[in-house]
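A.B. asks: Got a sequence here, can you model it:
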Amino acid sequence: GGNSASTDNKSDVLTLSSHALELHKTVRKTCVSALILMRNKGAMDPLVLLELFFQLLATISDKGLRELLHRHVVNDVPTSTRDEKVNRSIQSFFHKILANSNNKQQTSDESAGYYEKHDSPDEDASTVAAKRATDMVCELYRRHVWTDERAIAILASAAASPIPNVMTRAMRFFLNIEEKMKQDEEAKKDSEWDQANNHIDYHRHSKRTASRKRHVEKQVKTRKKAQNKRQMGEAYEAIVMTEASLEASKKLYPAIELLRDPQGLAELVLKRLRNQKYTHEVKMLIINFITRLVGNHELLLLPLYPLLQRYMGGHQRDVTAILAYTVQACHSQVPPQDIFGILKTVAHNFITERCSGEQMAVGINAVRCICARVPSILAEEDEGLDEEFQNAVSIDMEAFVRDLAGYAKHRDRSVSIAGRAFTNFVRDVHPSLLQGKDRGSQGSALHRAGVKPLKYGQQNVAVGVRGADLLVEYEAKKRAAQMKEFSDDEEDDSDGDEEDGIEAVPMKGTHDDTTDDDEGDEEAEASDGDDDDDDEEKEDEEAEESDEEAPQLVLTEGDDKEPLDLSKMSPKERKKLQQEVSSSRIFSAKDFIKMRKLVEREERLKRDPRAAAKRKRALAQGEDFDELTDEDDDDDSDEDDDEDEINTPGMVNPWDIQADAKRKRQSKAERLEKVLSGRSKFESKTRQGGSTNVEKKRRKNFVMSKFSSETRRKTAVQKVTSQQKKGKVYKHEAKKRRRKM
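C.D. replies: Coordinates of the predicted model:
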């Protein structure tokens, strides 16, 4: 039975592995196809067949056979993932292949760059097997088959491989896999739409049967579903999905964030970059990979920054990409003393008058992006340097910032745009560094509020839920306003009754109805104390459910006290109040929405002088309470980005810091030269099609348009204006008549 069949299969596998090189390529391919057919029928062990196929991939240089084996392995592994034991054994096999290749002797320095694009003629079987294994794991991740940490560990070992081909393939995977998967999703949606948008077969020339009717209904339903999905997008998916967690579980973290030891991997790759020779393309790829690791995981790799300064020459090849990679490597945990050298190098090599406008714009944009990622640079002062940093590079940030802000008025358009962008950034982060004329209204307001970035090592420690103190103040003022309105209504009602001559008659069950029996009431209160407490608890619950009930002040001991006012409290008192409220109150979802809106309103009052002045006028007029509205919600302000753009977290594209492609402003000599040269052709003649309606109207014969409505309107207007002018006598005409007399 089964044992004899398994032994026969193993013997076949051993025979093919030992005599594969001796067989003809057609016979060999036929044998492989037979083994694939047996595996599809379930008659072959997947791990045994996988070992055989990798031996064939590594030893036989048959392109057609390699494509067949690669396609089978990629399509067969998803069927093996149902069995976790088999799946783990296959992953261990891939990891073993890469580990064996890493233990081999490293390739020579001369062949490192050449074999990046060409396969070595004498490379051993382990190198070929490692390359094929890396490609297969990348493809399986792209197809959402292996997306766990074990697959990432296999590719991490490939990125640490001394073989340049294996290393570069793994690095490209970590850098671009999210973009490729996004493109696959878009292509899948387009194919579904194209498939659903095909012609629907209504079977109009066939016999009407129940099956054909169902077929037509199914086609119409599929096309309508695809159309709704294309029009509504993510909203349609949210409506269709019954469980939101199921859709959320399909979203993957970036592959580079699933690495187990990013610090060790970054140090190893940086060491190889400094000690070995690679081609320029491979060097750029390695620098991109290291900087992405440092930026995404916030690693401290201080030897990287002096290395990047070596590639920041003005005439360096792909220098814009180098600057973008430098921005990637910056984060808030990097000491500012290590960033000062980069800023100084960029300023000396790019932001000078001897450079072109594009170079200056790229340099200013790079400085702005670096300062945005490391805002502690702007807060550093030369006087506060420690002894260990006295020999480090330092910059007078105030003079440096004001110098860059002066480029906002540069004659070159791209440089002025970059300068204005830098000035706007400093206005929001640290407006005190700018001159008063450059701060603007918003920057001046932030300067008065004392806004500045945190120094290196400082952190904002939360002492409670942000906005809890604002929520308490808002509720207190709201209840006070409701109480005031309630008392005003009662006074108006009593005044109206007195004017009509009607006395207020106490109703039955009120306090006035029981004034004659004081002694009995005291005994009743003593006996019914528990009932009164229950009634008070019910009233409190009703007041919490609806804000329109009888108001009650929050955090006040009596009704005679004024509502809470945070403007009269110090920052320490506000933090203490925020901590007390956060620890003694359970917030609902509505409370969190209110707190978010109140925090946004407070930030807007701090940044917008007009809103602050409006609030000040309202307080002067006695309008202390300001109701929350939908205008206080600024959530949709950042959701207008281009949906087609693919944004990978941590990645900085070189075109993000390039100069804006706008027409440069011409000098006076250039404009005069253009005028003197004249026009060789009219610009209107370069467009497609014939003449426009305006040109036809201008060329039209006057006799044809003599009695048109537009001509009659013009003549009527001219006639009226001439009649008005007849009755007027101008001063200069009167003087002329007097001189003649």
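A.B. asks: Give me the secondary structure label for residue 625.
C.D. replies: Residue 625 carries the three-state label coil when classified by DSSP: H, G, I helix; E, B strand; the rest coil.
A.B. asks: Could you list the low-confidence segments of the stretch 551-700 of the chain?
C.D. replies: Across the stretch 551-700 of the chain, residues meeting the criterion (pLDDT under 70) sit at 551-563, 624, 630-649, 661-665, 678-688.
A.B. asks: quick one: pLDDT of residue 439?
C.D. replies: According to the prediction, residue 439 has pLDDT 87.
A.B. asks: ditto for residue 346
C.D. replies: For residue 346, pLDDT reads 92.
A.B. asks: wait, it sits on residue 365?
C.D. replies: No. Using C-beta atoms under 8 Å, residue 346 is not in contact with residue 365; the gap is 10.2 Å. Quick note: C-beta positions are derived from backbone N, CA and C, even for glycine.
A.B. asks: which one of those two has more residues nearby?
C.D. replies: Neighbours were counted for residue 346 and for residue 365 using other C-beta atoms under 10 Å; residue 365 has more, 26 against 20.
A.B. asks: separation between that one and residue 419?
C.D. replies: Look at residue 365 and residue 419: by C-beta to C-beta, to the nearest Å, they are 10 Å apart.
A.B. asks: try residue 228
C.D. replies: According to C-beta to C-beta, residue 228 stands 48 Å off from residue 419.
A.B. asks: Tell me which of these two has more neighbours.
C.D. replies: Remark: of residue 228 and residue 419, residue 419 carries more neighbours, 24 against 14, as counted by other C-beta under 10 Å.
A.B. asks: Can you list the low-confidence ranges for the stretch 101-250 of the chain?
C.D. replies: Along the stretch 101-250 of the chain, segments meeting pLDDT under 70 span 104-123, 192-199, 230-250.
A.B. asks: mind listing the helices for it?
C.D. replies: 109-114, 125-142, 149-159, 164-196, 210-232, 234-240, 244-249 (DSSP state H, counting those that start in this stretch).
A.B. asks: if we compare those helices, which one ends up closest to residue 569?
C.D. replies: Nearest to residue 569, of all the helices of the stretch 101-250 of the chain, is helix 244-249, at 40.9 Å by C-beta to C-beta.
A.B. asks: how about the helix or strand that contains residue 402: buried residues?
C.D. replies: Using DSSP states H and E, the element containing residue 402 is helix 397-405. Buried residues in helix 397-405, counted by 16 or more other C-beta atoms under 10 Å: 397, 400-402, 404-405.
A.B. asks: who's in contact with stretch 440-447?
C.D. replies: Taking contacts as C-beta atoms under 8 Å, 6 or more residues apart in numbering, the residues outside stretch 440-447 that touch it are 426-428, 431-432, 434, 436, 439, 606-610, 612.
A.B. asks: how about a cut-off of 10 Å?
C.D. replies: Applying C-beta atoms under 10 Å, 6 or more residues apart in numbering, the contact partners of stretch 440-447 are 423-424, 426-434, 436, 439, 451-452, 605-612.
A.B. asks: about what we covered before: overlap in contacts, residue 346 and residue 365.
C.D. replies: residue 323.
A.B. asks: coming back round to it: let's see which of the contacts of stretch 440-447 end up in helices.
C.D. replies: Among the contacts of stretch 440-447, the residues falling in helices (DSSP state H) are 423-424, 426-429, 436, 439, 605-607, 609-612.
A.B. asks: Could you verify my assumption that residue 605 touches residue 619?
C.D. replies: No. Taking contacts as C-beta atoms under 10 Å, residue 605 lies outside contact range of residue 619: 11.6 Å.
A.B. asks: Looking only at neighbour counts, state which of these two leads.
C.D. replies: Here residue 605 and residue 619 are compared on neighbour count by other C-beta under 10 Å; more neighbours surround residue 605, at 18 against 12.
A.B. asks: what about stretch 85-101, distance to the chain center?
C.D. replies: 36 Å (C-alpha atoms, centre = their mean, to the nearest Å).
A.B. asks: picking up where we left off before, any chance of a markdown table for the helices of the stretch 101-250 of the chain, columns distance to residue 60?
C.D. replies: Converted to a markdown table, the helices of the stretch 101-250 of the chain look like this (distance: least, C-beta to C-beta, whole Å):
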| stretch | distance to residue 60 |
| --- | --- |
| helix 109-114 | 23 |
| helix 125-142 | 10 |
| helix 149-159 | 23 |
| helix 164-196 | 19 |
| helix 210-232 | 45 |
| helix 234-240 | 46 |
| helix 244-249 | 42 |
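A.B. asks: between the ones you listed, which one is nearest to residue 320?
C.D. replies: helix 164-196 (17.1 Å).
A.B. asks: how about that closest one: buried residues?
C.D. replies: Result for helix 164-196 [16+ other C-beta under 10 Å]: buried residues 164-175, 177-178, 181, 196.
A.B. asks: go on, stretch 253-267?
C.D. replies: Neighbour counts over stretch 253-267 (16+ other C-beta under 10 Å) mark 255-256, 258-259, 262, 265-267 as buried.
A.B. asks: can you check stretch 596-613 too?
C.D. replies: Under 16+ other C-beta under 10 Å, the buried positions of stretch 596-613 are 596-598, 600-601, 605-607, 609, 612.
A.B. asks: And the furthest pair within those?
C.D. replies: Between any two of the buried residues of stretch 596-613, the greatest separation by C-beta to C-beta is 23.2 Å, found for 596 and 609.
A.B. asks: just curious, which of the buried residues of helix 164-196 is nearest to residue 487?
C.D. replies: residue 178 (61.8 Å).
A.B. asks: My guess is that closest one contacts residue 147. True?
C.D. replies: No. Using C-beta under 10 Å, residue 178 is not in contact with residue 147, being 11.8 Å away.
A.B. asks: Can you pick out the most distant pair from the buried residues of stretch 253-267?
C.D. replies: Pairwise distances across the buried residues of stretch 253-267 peak at 19.9 Å for 255 and 267 (criterion: C-beta to C-beta).
A.B. asks: I figured residue 334 was touching residue 326, is that so?
C.D. replies: No. Between residue 334 and residue 326 there is no contact under C-beta under 10 Å: 11.2 Å.
A.B. asks: Let me see the mean pLDDT of the helix or strand where residue 479 lies.
C.D. replies: Following DSSP H and E, one finds residue 479 within helix 468-499. Taken as a whole, helix 468-499 carries a mean pLDDT of 77.
A.B. asks: Find the helix or strand that residue 253 is a member of.
C.D. replies: Per DSSP H and E, there is no helix or strand for residue 253.
A.B. asks: For it, give its distance to residue 57.
C.D. replies: Using C-beta to C-beta, we find residue 253 at a distance of 31 Å from residue 57.
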